[in-house]
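Colleague: Provided below are the primary sequence and the corresponding predicted coordinates.
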Amino acid sequence: MRHSATDAERLLWMLLRARRVAGTKFRRQHPVGPFIADFACLASRIIVEADGGQHADNPDDARRTAWLRAHGWRVMRFWNNEILDNPEGVVAVIERALEDGTPSPSQP
């Protein structure tokens, strides 16, 4: 999956990698239960997903998010265009979640 990453996933990884966000380590394409998270911070139990149009009102995504939350993960979803158009804003929301333990209000 790493070889077929979207532009938004590549940009988000450039922003998250190497402890660039609040000194926190993120893993890319990390297995969590039966799923593969786009990006996961194990220490804070936060998953960050980059979503394209195919995720709009997708019942599989809703079930996936419910499972992850039931297992103690906070799930943050950002639209691809949001990542590409406002990367600083996306990073700011992730930083706030890391600092105060709340998930993002941004839920595609």
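Modeller: Happy to help now that I have it.

Colleague: where in this structure is pLDDT low?
Modeller: Applying pLDDT under 70 to the chain flags residues 1-3, 53-57, 102-108.

Colleague: Select the longest helix from it.
Modeller: helix 87-100 (DSSP state H).

Colleague: elements contacting it?
Modeller: Helix 87-100 sits against helix 7-16, strand 46-51, strand 74-79, helix 80-85, with contacts defined as 3 or more CB pairs under 8 Å, 6 or more residues apart in numbering; DSSP states H and E. Bear in mind the C-beta positions are built from the backbone N, C-alpha and C, glycine included.

Colleague: Switch the ones you listed over to CSV; also include distance to residue 40 and mean neighbour count.
Modeller: Listed next are the helices and strands packed on helix 87-100 as CSV, based on distance: least, CB to CB, whole Å; neighbours: other CB atoms under 10 Å:
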stretch, distance to residue 40, mean neighbour count
helix 7-16, 10, 18
strand 46-51, 5, 23
strand 74-79, 10, 21
helix 80-85, 17, 16
